[in-house]
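Enquirer: this one's structure only:
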């Protein structure tokens with residue numbers, strides 16, 4: 001079976017869970033399907049660690065200043081939480097996007113990576129230096145995904161086989177990483193566990209004005225240690241991250257039709273002049289440009 005046929009079968013087997021636009025759970029733990037048929041303005045969101053495989057249509061993801069194409073059959077993986085902007089201008093009812101999304105489990109990722117490090121002939125291939133990458137899905141990973149898809153309708157087989165197949169899928173994801181890169185990934189994961197709780201708290205309380213002491217206490221760390229670990233994991237200082245997240249969410253609100261003052265207030269700005277200055281500095285145009 002070639003790649004195109006495998007992708008078609010994957011889409012067909014998960015189609016019952018993907019009838020409407022949105023993010024839908026499947027019987028496989030941590031495995032979801034996503035569908036979108038409406039073009040809209042770019043939406044910036046925190047992506048928790050995940051593996052995304054394009055089944056239909058085409059998306060473009062912006063990570064920082066880098067645009068990543070995701071055509072059919074390509075996988076995109078972010079190994080740590082990060083801000084990603086999804087461009088949906090190529091989407092339409094005639095050309096909807098559908099994806100298979102695996103939310104990466106930290107415990108399973110660590111367990112498989114530690115086992116992989118102990119193998120006699122550990123991989124020495126080049127791997128991406130960033131905490132995300134995009135590439136065509138290979139045949140072996142497709143076969144694991146198909147075998148998982150075959151478990152959807154059989155609860156007995158799913159109970160017995162699902163866990164080992166998920167381990168194999170994680171192995172396929174990590175197998176090309178050289179030892180040094182995998183060790184770095186494991187270290188980042190240990191740090192990310194504490195930082196992720198803080199990122200979730202920030203995301204859920206964007207109208208709040210945070211202090212480093214408050215966030216460090218949430219992570220059970222001292223101020224300087226928290227600042228250092230947060231920057232190692234998220235590649236921005238806590239305050240830079242918070243400001244960027246607030247401004248991108250404000251832009252989302254403006255696209256939804258809120259006024260400049262309403263958008264500013266909803267992300268915790270009480271000084272409209274400060275909000276306008278920081279918004280223009282961030283995006284290169286004024287907030288009122290979208291009203």
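Expert: Ah, there it is. Since the structure is predicted, the reported quantities are computational estimates derived from the model, not experimental observations. Residues are numbered from 1 along each chain as shown.

Enquirer: Could you report the distance from the closest residue in space to residue 50 that isn't next to it in sequence to residue 131?
Expert: Of all residues not flanking residue 50 in the chain, residue 103 sits nearest, at 5.3 Å (Cβ to Cβ, 6 or more residues apart in numbering). To be clear about C-beta, it is placed using only N, CA and C from the backbone, and glycine gets the same treatment. Separation of residue 103 from residue 131 (Cβ to Cβ, to the nearest Å): 16 Å.

Enquirer: more neighbours, those two?
Expert: residue 131 (20 against 13; other Cβ atoms under 10 Å).

Enquirer: I'd like to know the phi and psi angles of the residue nearest to residue 50, please.
Expert: Note on residue 103: backbone dihedrals following degrees, to the nearest 10 are phi -80, psi 120.

Enquirer: same deal with residue 70?
Expert: phi -130, psi 80.

Enquirer: Now do the same contact list for the residue nearest to residue 50.
Expert: Taking Cβ atoms under 8 Å, 6 or more residues apart in numbering, we find residue 103 in contact with 30-32, 48-50.

Enquirer: of these, buried ones?
Expert: 31-32, 48-50 (16 or more other Cβ atoms under 10 Å).

Enquirer: So, low pLDDT: which residues of the stretch 151-291 of the chain?
Expert: Applying pLDDT under 70 to the stretch 151-291 of the chain flags residues 178-181, 188-191, 290-291.

Enquirer: rerun that using 80 as the cut-off
Expert: 176-194, 196, 232-235, 289-291 (pLDDT under 80).

Enquirer: And the helices in the chain?
Expert: 3-14, 106-117, 139-149, 155-174, 179-204, 212-218, 223-234, 238-255, 260-266, 272-283 (DSSP state H).

Enquirer: So which bits of the third one are buried?
Expert: Same thing as helix 139-149. Per 16+ other Cβ under 10 Å, helix 139-149 contains these buried residues: 141-142, 144-145, 147-149.

Enquirer: So residue 96 versus residue 56, what's the distance?
Expert: The gap separating residue 96 from residue 56 is 7 Å, by Cβ to Cβ.

Enquirer: do residue 105 as well
Expert: 26 Å.

Enquirer: ok, now residue 266?
Expert: Residue 266 is 34 Å from residue 56, by Cβ to Cβ.

Enquirer: re earlier: who wins for proximity to residue 79 among the helices of the chain?
Expert: Between residue 79 and those, the shortest separation by Cβ to Cβ is 6.2 Å, and it involves helix 179-204.

Enquirer: now the closest one, how far from the centre of its chain.
Expert: 13 Å (Cα atoms, centre = their mean, to the nearest Å).

Enquirer: Okay, angle between that helix and helix 106-117 too, please.
Expert: 170 degrees (axes from the mean of the first three to the mean of the last three Cα atoms, to 10 degrees).

Enquirer: Helix 179-204 packs against which elements?
Expert: Here helix 179-204 touches helix 106-117, helix 212-218, helix 223-234, helix 238-255, going by 3 or more Cβ pairs under 8 Å, 6 or more residues apart in numbering; DSSP states H and E.

Enquirer: quick one: buried residues of the last one?
Expert: With burial defined by 16+ other Cβ under 10 Å, the residues of helix 238-255 counted as buried are 238, 241-254.

Enquirer: what does the first one give?
Expert: By neighbour count with 16+ other Cβ under 10 Å, helix 106-117 contains the buried residues 108-110, 112-113, 116.

Enquirer: can you list contacts of it?
Expert: So helix 106-117 is contacted by 49, 122, 166-167, 170-171, 174-175, 177, 179, 182-183, 185-186, 189, 192-193 (Cβ under 8 Å, 6+ apart).

Enquirer: any idea how far it is from the chain center?
Expert: 19 Å.

Enquirer: cool, and the shortest one?
Expert: Helix 212-218 sits 24 Å away from the centroid of its parent chain (Cα atoms, centre = their mean).

Enquirer: what do you get for the longest one?
Expert: Put simply, helix 238-255 sits 17 Å off its chain's centre (Cα atoms, centre = their mean).
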